[in-house]
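In: need the 3D shape of this:
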Amino acid sequence: MALLLMRESPDSAFFYAKQACQGAERINDPVLIGNVKLTLATLAERKGDVKYALQLSREAYLWGEKGKSLPLMALAQRNMGGLYLNMDSPFDAILSCKKSALLFEQQGDTANAAAEYVHVAGMYADELKDSNDGVPFLHHNCALMEGAPNHDPSLMLATTYLHLGTICQRQDSYTVAIGWLLKSLQMFRILGNKANAIRVYPPLVAAYIGQKEYDRAITYAESAIQVGRELADEKAILAHILQKAEAHCLKGEPQKALADLEEAEPLAASSPDKKYLMRVYGAYAATYQLLHKPVRAKEYESKAAAIAQAPALPATPE
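Out: Numbers count the residues shown, from 1 in each chain. Reported below is the predicted structural model:
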């Protein structure tokens, strides 16, 4: 009953869940008590009481320990990780998610373990701004999933390859990055997952540019533009036209770069995010410098600077 009412009436759901908890305590079933505590934790979080939700999640974990239930313990630690993150406590969140991943792994739940390891690596990168500490968890994830019985390409493994490739590209380890990213792209293609495949192209093109393999960078940028059009993703189209222009410019083909920018400019001008138009103008300036046209270069530098200095527009009401 509590689960059925969770969305429509959280207060009623909380009432029924508390009744269920009292019933579970009467029959002294630790696992049942723990699962009800987790339901109460979810309801408390939805009501905005994050601290109480965390307390209930801790209690659920302890009941899982008492009942020797690895699934319950893993779910409770995962819940605690999410709550700690909501409370801006990334170190505690990482610790809980590590414990959750190990508990899932111990019970042979590869999919959930992999999801937690990726989450841990993501928190190192996004919350602590330290991608390096997340790398061992991504490598472990690869070994875990690649060694699973009846291994098939999976979304989580492809995502792991993407994370590893992106980190290597940012560290200028281009050859290693390209290896991971091509594996990721191939797997997303096998899965038919274009929405995630489009995420592989920016670091892949950047890695080829870093290695001065401009023809390959242009080829993959063109593929990304095509996928972006299929997804009607104008931001992806713009980003990859800009990468293509950069590759043409570095290859010594400024006229082709100008053609790319002429394609990008109207898209950037119509985007509410003016950073794209600023990037287009900056790319124009760099290209005209290459063409030894300092006056035109200065013109576009001024346009880019004007956007950078303009006050942010208020958000459009929905």
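In: mind listing the helices for the stretch 201-318 of the chain?
Out: Ranges of helices in the stretch 201-318 of the chain, per DSSP state H, counting those that start in this stretch, are 214-231, 234-250, 254-270, 275-290, 294-309.
In: turn those into a markdown table, columns for distance to residue 50 and mean neighbour count.
Out: Glycine gets a C-beta too; all of them are placed from N, C-alpha and C. What follows is those, written out as a markdown table (distance: least, C-beta to C-beta, whole Å; neighbours: other C-beta atoms under 10 Å):
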| stretch | distance to residue 50 | mean neighbour count |
| --- | --- | --- |
| helix 214-231 | 35 | 18 |
| helix 234-250 | 32 | 22 |
| helix 254-270 | 40 | 17 |
| helix 275-290 | 33 | 21 |
| helix 294-309 | 38 | 14 |
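In: in JSON lines: those helices, plus distance to residue 46.
Out: Formatted as JSON lines, the helices of the stretch 201-318 of the chain follow (distance: least, C-beta to C-beta, whole Å):
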{"stretch": "helix 214-231", "distance to residue 46": "32"}
{"stretch": "helix 234-250", "distance to residue 46": "32"}
{"stretch": "helix 254-270", "distance to residue 46": "38"}
{"stretch": "helix 275-290", "distance to residue 46": "35"}
{"stretch": "helix 294-309", "distance to residue 46": "41"}
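In: average pLDDT for the one helix or strand residue 58 maps to?
Out: Secondary structure from DSSP states H and E places residue 58 in helix 50-66. Per-region confidence: helix 50-66 scores 96 on mean pLDDT.
In: just the buried residues of that helix, please?
Out: Of the residues in helix 50-66, 50, 53-64 count as buried by neighbour count, 16 or more other C-beta atoms under 10 Å.
In: nearest to residue 301, of these?
Out: Nearest to residue 301, judged by C-beta to C-beta, of these is residue 50 at 47.5 Å.
In: ok now do the closest one, which residues does it touch?
Out: The contact partners of residue 50, taken as C-beta atoms under 8 Å, 6 or more residues apart in numbering, are 44, 83, 86-87.
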